[in-house]
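> Sequence first, then the predicted structure:
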Amino acid sequence: MPAKPKETFGQMLKKLRLDEAAMGLRAFAAMIEMQPSNLSNIERDRIPAPASRQKIDCICDAIGLANSDPRRERLFDLAANPTNRIPADVADAVRQQPGVPVLIRTVGNKQLSEEELKELAEYIKKHY
């Protein structure tokens, strides 16, 4: 049985635009100040997702995703995936918090599993 193709930023964006925001492509493009042709090409995976945090935040806000909605983080992760970019929100955190590189290097040196990283993130959310 073939592996299920991974979801792309464009696919998720289109689904959220239609299901959550219930907006047509042109109206949504105007709301996020993007050319409709560019939005269409992003949704069809013909051009890469936006690289800036501001643009992805604008998209998430226009869809109506709360800052705490995990789909918001998922969009950032998917935007970074095809080009192996660091997600824009993560890059901003590294620039704004001098201790973040130390944390990332420590985690990298420990070679934690994905499950251990999730546990660490939950611990931080709960205690800090």
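Received the coordinates, thanks.

> ok, L75 - contacts?
By Cβ atoms under 8 Å, 6 or more residues apart in numbering, L75 lies in contact with 9, 12-13, 16, 56, 59-60, 65. Heads up, the C-betas are built off the backbone N, CA and C, glycines and all.

> Closest one of the residues you listed to A93?
Using Cβ to Cβ, I56 is the member of the contacts of L75 that lies nearest A93, at 13.9 Å.

> What's the separation between the closest one and L78?
To L78, I56 is 10 Å away according to Cβ to Cβ, to the nearest Å.

> before we move on, back to that, ok, which pair from the contacts of L75 is furthest apart?
The widest separation within the contacts of L75 (Cβ to Cβ) is 13.8 Å, between F9 and L65.

> Which helix or strand contains the most centrally placed residue in the chain?
Centroid-nearest residue in the chain: F76, 1.2 Å away (criterion: Cα atoms, centre = their mean). Assigned by DSSP states H and E, F76 falls within helix 70-80.

> circling back to that earlier point, which of the contacts of L75 ranks first by neighbour count?
Tallying neighbours with other Cβ atoms under 10 Å puts I59 at the head of the contacts of L75, with 26 neighbours.
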